[in-house]
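Peer 1: What follows is a predicted protein model with its sequence.
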Amino acid sequence: MRVLICATNRDHLVTLGILFRSEGYIVQLAKDAAEGLKLAETYLPDVAFLDLETSDRSGFELAEELHRRYGKDCPFLIAMASNGESNQLELAEISGFHHFVAKPYAPQDLLGVLVSLDR
């Protein structure tokens with residue numbers, strides 16, 4: 001399974017990349033939304049973990065753009081947020097995210113999402 005991770009925080013990005021690669025997933029990392037869009041075009045991920053607070057635009061905008069570009073072929077989108085406030089959950093759903101995880105999260109929870117999709 002091809003996984004794209006888009007997050008501004010370098011430590012967060014690298015840690016998730018190492019975690020997913022250690023479990024056999026093919027991973028690409030993007031430091032901002034512009035890079036995430038570029039990678040999505042060439043890499044064609046199955047799943048995209050998108051931080052809602054990237055440096056150049058919001059994860060909500062990125063999700064909407066991915067849906068516009070890829071329609072039914074859009075990757076499975078997972079929102080990563082610094083909290084689980086109800087307004088963020090609502091905006092994530094409206095923006096087209098399929099799943100939502102609030103930070104801090106347990107690595108096993110993220111792997112669990114991938115494993116459930118891999119079946």
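Peer 2: Noted; the coordinates are in hand. Numbering: from 1, shown residues only.

Peer 1: Okay, and the beta partners of the spatially most central residue of the chain?
Peer 2: Centroid-nearest residue in the chain, with CA atoms, centre = their mean: residue 49, separated by 1.2 Å. According to DSSP bridges, the residues that bridge with residue 49 are residue 5, residue 78.

Peer 1: Surely it touches residue 5?
Peer 2: Yes: counting by CB atoms under 8 Å, residue 49 touches residue 5, with 4.7 Å between them. In this view, the C-beta of every residue, glycine as well, is placed from N, C-alpha and C.

Peer 1: Quick check: neighbours shared by the two?
Peer 2: Residues within reach of residue 49 and of residue 5 at once, by CB atoms under 8 Å, 6 or more residues apart in numbering, are residue 16.

Peer 1: right, and residue 37 touches residue 64 too?
Peer 2: No: at 11.4 Å, residue 37 does not count as touching residue 64 under the criterion of CB under 8 Å.

Peer 1: got a list of what the closest residue to residue 94 other than its chain neighbours touches?
Peer 2: Distances taken as CB to CB, 6 or more residues apart in numbering place residue 60 nearest to residue 94, at 8.0 Å, with adjacent residues excluded. Applying CB under 8 Å, 6+ apart, one finds that residue 60 lies in contact with 52, 91, 92, 94, 95.
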